[in-house]
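**Student:** Curious how this folds, go ahead:
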Amino acid sequence: MPLTQEIAAFCSALRHGDLPAAALPFIRTGFTDCFATLVAGRHSEPARILHATLDPPAGESRLFVDQGTARAPEAAWLNATAAHALDYDDAAQKGHLSVVLVPAILAEADACGADGKAMASAYAAGYETWAELLWREADLYHNHSWHPTGVLGPLAAAMACASLRGLDAERTAAALSIAASQSAGLIANFGSMTKPYHAGRAAHAGVLAARLAERGMTASPDALEHPKGLMQGLSPRGRVDVAAPARIGREWRLSRDGVNVKKYPTCFASHRAVDGMLALLGERDWPAERIARVVVSISRRNKSTLRFERPDDTMQAKFSMQFAMAAAALARRCSLLELTDDFVRRDDVRAFMARVQVEPLDEEDTARPGEAPQDIVEVWTVDGLHARRAVDYVRGGPELPLLPGELFDKFSSCLAAGSFAGDARPLFDALMAVDDAPDTRTLYEHMGR
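**Tutor:** Alright, predicted model coming up:
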């Protein structure tokens, strides 16, 4: 069966009972963490500008959780942009998967009254679609300008929404092919407001593709695997395999790979090094003014992604290893409190950034393409002391998951950052049991409004 058709067949047939038990904790975490970052980012400039530009009429779906309504495509667009605005949402499959899927699913679930089991199945359909397409590509999209969140997100969201709306295999395939013509997202726009727009546009494209297909819009049945199709068009060096039998439905990547919950509101490429720096300082308690030099060794791909050596504002600071190290040294953390323009522009922050050097590592972890086997942080003090820390796994990933209390702490801090006045605990508990929800209304009832 051709690739486009095989993915569509899997997604259209998927039901909650098919999900492996090991996938459910990751789905619940994805919904919970994304909801938190949506609230935290709802007053951000990208969300504000997009909302003012679209000026959407009232509709069937919640907007920014508790700020009116919009039609589902616009709600998904705005909510996903807000949820990615702080770059604090989870990472998976070389991109930001939940931030595309969850806003699209919640918007459509509002519209069609879907229950939590259908929402969980939709998330799994989107995740497995994204993972299926990613493994077929031998090279890294990041190395050829493409942001996976923007280029694979529309397809994943389309499959989630097709699943949620109960489309048959033929119309699900049409939705996938329609979404393929809406794929876009450039690495060059990292550090600007357009990066969160990638996520918003992907969520919007997925909702729209499923709705168009449901109403009968046609598309090529081989838009993914055709020689002039999406996969060949995206492929950095033309080494994409569109002929191999699909693994989707046979190997559950969601159970194996899960999601990486971000401890820090910066690019995920900086996180192992931040873990290492904080660990070193926790052991030695060296004041920032005693630190003469910091050298961070990371993969060449990650070094190119962290492109701003001297960031001018918070959008750029999220993509700066120099800033991440300065925040860790000066504040002994890297949190939303440090992600302000005033902090980025402080004299001591800028002076410390000048003492941070980033070195590329060419050895690649065979199990984690684009990553070095370890990220290494080395620190020298003004009086000649030296410390080194190599970090294998990031805190918040499947190998070193956040503790339940740590996830709730992040959740509650995000709600506070978004000026949410309700009680965080019942909402957190409801989201962590999202697959048991009768509908989205029962989730929103816990907002205390």
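**Student:** Please look at Thr81 and Leu50 and confirm they touch.
**Tutor:** Yes. Counting by C-beta atoms under 8 Å, Thr81 does reach Leu50; the two are 5.4 Å apart. For glycine as for every other residue, the C-beta is placed from the backbone atoms N, C-alpha and C.
**Student:** who's more crowded, these two?
**Tutor:** Thr81 (33 against 22; other C-beta atoms under 10 Å).
**Student:** list the contacts for that one?
**Tutor:** 41, 46-47, 50, 196-197, 199-200 (C-beta atoms under 8 Å, 6 or more residues apart in numbering).
**Student:** and if we set it to 10 Å?
**Tutor:** 38, 41-42, 44, 46-51, 99, 103, 193-204 (C-beta atoms under 10 Å, 6 or more residues apart in numbering).
**Student:** re the thing from before, now the common contact residues for Thr81 and Leu50.
**Tutor:** 44, 193, 196-197, 200-201.
**Student:** Which neighbours in the sheet does the lengthiest strand in the chain have, and how are they oriented?
**Tutor:** For the chain, the longest strand by residue count, based on DSSP state E, is strand 291-299. With DSSP bridges as the test, strand 291-299 is paired with strand 356-361 (parallel), strand 375-381 (antiparallel).
**Student:** Comparing the ones you listed, which stretch has the densest surroundings?
**Tutor:** strand 375-381 (a mean of 21; mean count of other C-beta atoms under 10 Å).
**Student:** wait, what's in contact with the residue lying closest to Tyr88 once chain neighbours are set aside?
**Tutor:** Nearest residue to Tyr88, sequence neighbours excluded (C-beta to C-beta, 6 or more residues apart in numbering): Pro265, at 4.0 Å. Counting by C-beta under 10 Å, 6+ apart, Pro265 touches 37, 40-41, 85-89, 314, 317-318, 334-339, 410, 414, 417.
**Student:** Any of those buried? List them.
**Tutor:** For the contacts of Pro265, a burial check counting by 16 or more other C-beta atoms under 10 Å picks out 37, 40-41, 85-89, 314, 317-318, 334-336, 338-339, 410, 414, 417.
**Student:** From these, which land in helices?
**Tutor:** Judged by DSSP state H, the buried ones among the contacts of Pro265 include 37, 40-41, 314, 317, 410, 414, 417 as members of helices.
**Student:** can you put these in JSON lines and add distance to Ile291?
**Tutor:** Putting those into JSON lines (distance: C-beta to C-beta, whole Å) gives the following:
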{"residue": "Thr37", "distance to Ile291": "31"}
{"residue": "Ala40", "distance to Ile291": "30"}
{"residue": "Gly41", "distance to Ile291": "32"}
{"residue": "Thr314", "distance to Ile291": "23"}
{"residue": "Ala317", "distance to Ile291": "19"}
{"residue": "Lys410", "distance to Ile291": "27"}
{"residue": "Cys414", "distance to Ile291": "30"}
{"residue": "Ala417", "distance to Ile291": "29"}
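**Student:** Would you mind listing the two of those residues that lie farthest apart?
**Tutor:** Ala317 and Lys410 (19.1 Å; C-beta to C-beta).
**Student:** Contact partners for Thr129?
**Tutor:** 7-8, 10-11, 101, 152, 155-160, 162-163, 176, 179, 248.
**Student:** show me where the stretch 51-200 of the chain has helices.
**Tutor:** 72-84, 98-112, 116-135, 148-164, 169-180, 194-214 (DSSP state H, counting those that start in this stretch).
**Student:** quick check: mean pLDDT across the longest one?
**Tutor:** Confidence over helix 194-214, taken as the mean pLDDT, stands at 98.
**Student:** Tell me which other helices or strands that helix touches.
**Tutor:** helix 45-54, helix 72-84, helix 98-112, helix 148-164, helix 169-180, helix 314-317 (3 or more C-beta pairs under 10 Å, 6 or more residues apart in numbering; DSSP states H and E).
**Student:** could you dump these to JSON lines with mean pLDDT and distance to Pro20?
**Tutor:** Shown next, in JSON lines, are those (pLDDT from 0 to 100; distance: least, C-beta to C-beta, whole Å):
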{"stretch": "helix 45-54", "mean pLDDT": "96", "distance to Pro20": "35"}
{"stretch": "helix 72-84", "mean pLDDT": "98", "distance to Pro20": "26"}
{"stretch": "helix 98-112", "mean pLDDT": "97", "distance to Pro20": "18"}
{"stretch": "helix 148-164", "mean pLDDT": "98", "distance to Pro20": "16"}
{"stretch": "helix 169-180", "mean pLDDT": "98", "distance to Pro20": "21"}
{"stretch": "helix 314-317", "mean pLDDT": "96", "distance to Pro20": "38"}
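**Student:** so which of those gets nearest Met432?
**Tutor:** helix 98-112 (13.4 Å).
**Student:** how much does the closest one deviate in direction from helix 148-164?
**Tutor:** For helix 98-112 against helix 148-164, the angle by axes from the mean of the first three to the mean of the last three C-alpha atoms, to 10 degrees is 30 degrees.
**Student:** hmm, back to that, pipe the strands paired with strand 291-299 into CSV and attach mean pLDDT per row.
**Tutor:** Below are these laid out as CSV (pLDDT from 0 to 100):
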stretch, mean pLDDT
strand 356-361, 97
strand 375-381, 98
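**Student:** Of all those strands, which one is nearest Leu63?
**Tutor:** strand 375-381 (38.8 Å).
**Student:** low-scoring pLDDT stretches of this structure, where are they?
**Tutor:** Per-residue confidence for the chain (pLDDT under 70) gives these ranges: 448-449.
**Student:** Neighbours of Phe35, how many?
**Tutor:** 27.
**Student:** picking up where we left off before, could the strands paired with strand 291-299 be laid out in CSV, adding distance to Met432?
**Tutor:** Below are the strands paired with strand 291-299 laid out as CSV (distance: least, C-beta to C-beta, whole Å):
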stretch, distance to Met432
strand 356-361, 37
strand 375-381, 30
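**Student:** closest one to Ala111 among those strands?
**Tutor:** The nearest among the strands paired with strand 291-299, by C-beta to C-beta, is strand 375-381 at 42.9 Å.
**Student:** Quick one: closest of the strands paired with strand 291-299 to Ala109.
**Tutor:** strand 375-381 (38.3 Å).
**Student:** Downstream of that closest one, the next helix or strand is which one?
**Tutor:** Sequence-wise, the next helix or strand downstream of strand 375-381 (DSSP states H and E) is strand 386-391.
**Student:** what's that following strand packed up against?
**Tutor:** Going by 3+ C-beta pairs under 10 Å, 6+ apart, strand 386-391 lies up against helix 271-284, strand 291-299, strand 375-381.
**Student:** Now tabulate these in CSV and tack on distance to Ser255.
**Tutor:** Formatted as CSV, the helices and strands packed on strand 386-391 follow (distance: least, C-beta to C-beta, whole Å):
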stretch, distance to Ser255
helix 271-284, 23
strand 291-299, 26
strand 375-381, 26
